[in-house]
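Engineer: Here is my input; please provide its structure:
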Amino acid sequence: MKRLMISLLLSPTVALAHHGVAGVGAAALEGPGAPVESASSAVLPVGKTLLYAKLDHAKFKTYDPDPANPESDYANYWMLGLGHGFTPWFSAYFFVPYHVKIDEPGGLDSKGWADVSVMGQIGFKYDGGLKLVPAHESLDDMEDWHFTVFFGSTLPTGNANHRLADGTIDPGKAHGFGKPALSLGVTATKQLTRDITFNLEASTIRFREYRYDDGQTMKFGTENRLNLGLAQRLHSHAEHRLRLDGVLEAQYLQLGRDIENGAPAEATGGRMLYLMPGLRLYKDNMSFAFGIKKAVWTRLNESADQQGAEGKEKYRLVFSASYLF
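Structural biologist: You can find the predicted model right below:
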């Protein structure tokens, strides 16, 4: 069995929901690869800390050429993160999002810090039975199936009652949910060969009803995800501590219908499938990932009225960078 100095170049994969909630995971210079956006099954090394930043740029399709009816143009979802490995099998994360939602000229823009989130991740492996991830693993050990359970919550630090330029409150452009949103997920990862890694994430986010200062109430629909990914090592150079992976992810998203003022809201919810090819680069104690995501199949509840919603993007550009120390 090969023993090695595994130099982990961690890159938590943050699954940025349209409400800005994070998932977790990490990847190594040697051993299994990692997706660009989905959560993976690697945990942070004990005693190590991770700094993380991500940008998810969503450009929306527009349908109404009348300048008197401005539509959603684009959104930038920024995320800053801090993670720490407390044991070989448990990592904790703290995320701070900043959202920019821009309409066409004449529309109502929104910018601001959104609800922070805290998350925990417990790592397991299957090696003759399911067990917690041990302190040290060889490359051979890392070829085993690995799993994680992650869980977390947003905290209502953002301004849920943010008023737009015309004085109104739009829950879809607010800076927070008003109440904690809970998330729960599982991952499974298997290094199929030295160069190819399979990854799966299944997760859900649940929201609570909140009453805004103007009297309206909103409960956002549940978000359910099933993401599959393959990472292919394209190039590596041990002396230069360099690795480049190609990544392909398929992301299925099911959005429940929002409940507005106690009644199901029109033009909300649906199902969609995204494909995202991308690259992940590891260098020394840093990692960078880039992907282009497009919806290839959609079944929105009222598709003609859901401009600016998930599934209506021209494309999404995802970029992340991380640093381990």
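Engineer: switch to C-alpha atoms for all contacts and neighbour counts from now on
Structural biologist: Will do.
Engineer: Can you get me a residue count around the nearest residue to residue 253 once chain neighbours are set aside?
Structural biologist: Leaving aside its sequence neighbours, residue 253 sits nearest to residue 225 (Cα to Cα, 6 or more residues apart in numbering; 4.8 Å). Residues within reach of residue 225, counting by other Cα atoms under 10 Å, total 22.
Engineer: can you check residue 300 too?
Structural biologist: 21.
Engineer: where does the closest residue to it other than its chain neighbours land on pLDDT?
Structural biologist: Nearest-residue entry for residue 300: residue 270, 3.9 Å, with adjacent residues in sequence omitted and distances by Cα to Cα, 6+ apart. The confidence metric pLDDT takes the value 97 at residue 270.
Engineer: ok, residue 270 touching residue 297?
Structural biologist: No. With contact taken as Cα atoms under 8 Å, residue 270 and residue 297 are classed as non-touching, separated by 11.0 Å.
Engineer: Relative to residue 214, how far out is the residue nearest to residue 253?
Structural biologist: Between residue 225 and residue 214 the distance, using Cα to Cα, to the nearest Å, works out to 32 Å.
Engineer: hang on, the earlier thing: helix or strand for the residue nearest to residue 253, just tell me which one.
Structural biologist: Element membership of residue 225 [criterion: DSSP states H and E] is strand 223-237.
Engineer: helices or strands next to that strand in the packing?
Structural biologist: With contacts taken as 3 or more Cα pairs under 8 Å, 6 or more residues apart in numbering; DSSP states H and E, strand 223-237 sits against strand 196-206, strand 242-255.
Engineer: and the residue lying closest to residue 274 once chain neighbours are set aside, how many residues sit next to it?
Structural biologist: Excluding its sequence neighbours, the residue lying closest to residue 274 (Cα to Cα, 6+ apart) is residue 295, at 4.2 Å. The criterion is other Cα under 10 Å. On that basis, residue 295 has 20 neighbouring residues.
Engineer: Run the angle between the host helix or strand of residue 295 and strand 242-255 for me.
Structural biologist: For residue 295, the enclosing helix or strand under DSSP H and E is strand 286-300. Taking axes from the mean of the first three to the mean of the last three Cα atoms, to 10 degrees, strand 286-300 and strand 242-255 form an angle of 30 degrees between their directions.
Engineer: Other residues contacting strand 286-300?
Structural biologist: When contacts are taken as Cα atoms under 8 Å, 6 or more residues apart in numbering, the neighbours of strand 286-300 outside the stretch itself are 9-11, 36, 268-282, 306, 311-324.
Engineer: need the next SSE after the helix or strand of the chain with the lowest mean pLDDT, C-terminal direction.
Structural biologist: Across the helices and strands of the chain, the lowest-confidence element by mean pLDDT, DSSP states H and E is helix 139-142, at a mean of 82. Where DSSP H and E defines the elements, the next helix or strand beyond helix 139-142 is strand 145-155.
Engineer: Check which helices and strands that next one is in contact with.
Structural biologist: With 3+ Cα pairs under 8 Å, 6+ apart as the test, strand 145-155 has strand 116-126, strand 182-191 packed against it.
Engineer: Rebuild these as a markdown table, extending it with mean pLDDT, mean neighbour count and distance to residue 88.
Structural biologist: What follows is the helices and strands packed on strand 145-155, written out as a markdown table (pLDDT from 0 to 100; neighbours: other Cα atoms under 10 Å; distance: least, Cα to Cα, whole Å):
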| stretch | mean pLDDT | mean neighbour count | distance to residue 88 |
| --- | --- | --- | --- |
| strand 116-126 | 95 | 22 | 8 |
| strand 182-191 | 95 | 22 | 17 |
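Engineer: got the ones you listed as TSV, with distance to residue 109 columns?
Structural biologist: As requested, the helices and strands packed on strand 145-155 are arranged in TSV below (distance: least, Cα to Cα, whole Å):
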stretch	distance to residue 109
strand 116-126	21
strand 182-191	27
